[in-house]
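Undergrad: structure, please.
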Amino acid sequence: MTLTKADLVQQVYRNHQELTKAEAVASVEAILRLVKESLISGSDVLISGFGKFNIRDKKSRKGRNPQTGDDLILDARRVVTFKPSGTLRDRINGD
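TA: This next block holds a predicted model:
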């Protein structure tokens, strides 16, 4: 099962009875906006007990078009990586 943004909003709304549905939506949107803005600016995002999102620069590299078999060069790019915290990793592995 995939956890969607709508699922997150629903959980925030259920767990915080004092919030309206619109406030729950605004809260989730605000957190996601802050994470996106930080990553876009090149900053890492560390959420204690959860993990760390960071930006990695990948160099250009050789690739191949799978349909034609032609060689090509893939452009350099930036990617987001995630490293779970030790606590989360242990809980996932049942330790």
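Undergrad: which parts of the chain are helices?
TA: With DSSP state H as the criterion, the chain has helices at 5-15, 21-40, 86-92.
Undergrad: and the ones you listed: which comes nearest V80?
TA: When these are compared by C-beta to C-beta, helix 21-40 sits nearest V80, at 5.9 Å. Glycine gets a C-beta too; all of them are placed from N, C-alpha and C.
Undergrad: in that closest one, what counts as buried?
TA: Buried residues in helix 21-40, counted by 16 or more other C-beta atoms under 10 Å: 24-25, 27-28, 39.
Undergrad: next one: stretch 40-55
TA: In terms of neighbour count (16+ other C-beta under 10 Å), stretch 40-55 has its buried residues at 45, 51, 53-55.
Undergrad: closest one to R14 out of the buried residues of helix 21-40, please.
TA: Distances from R14 to those, taken by C-beta to C-beta, are shortest for A24, at 8.8 Å.
Undergrad: would CSV of the helices of the chain with distance to V79 and mean pLDDT be doable?
TA: Below are the helices of the chain laid out as CSV (distance: least, C-beta to C-beta, whole Å; pLDDT from 0 to 100):
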stretch, distance to V79, mean pLDDT
helix 5-15, 21, 96
helix 21-40, 10, 96
helix 86-92, 21, 94
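Undergrad: hang on, the earlier thing: closest to G94 among the buried residues of helix 21-40?
TA: For those, the residue nearest G94 by C-beta to C-beta is V28; the value is 28.7 Å.
Undergrad: which ones are touching that closest one?
TA: V28 makes contact with 5, 8-9, 12 under the criterion C-beta atoms under 8 Å, 6 or more residues apart in numbering.
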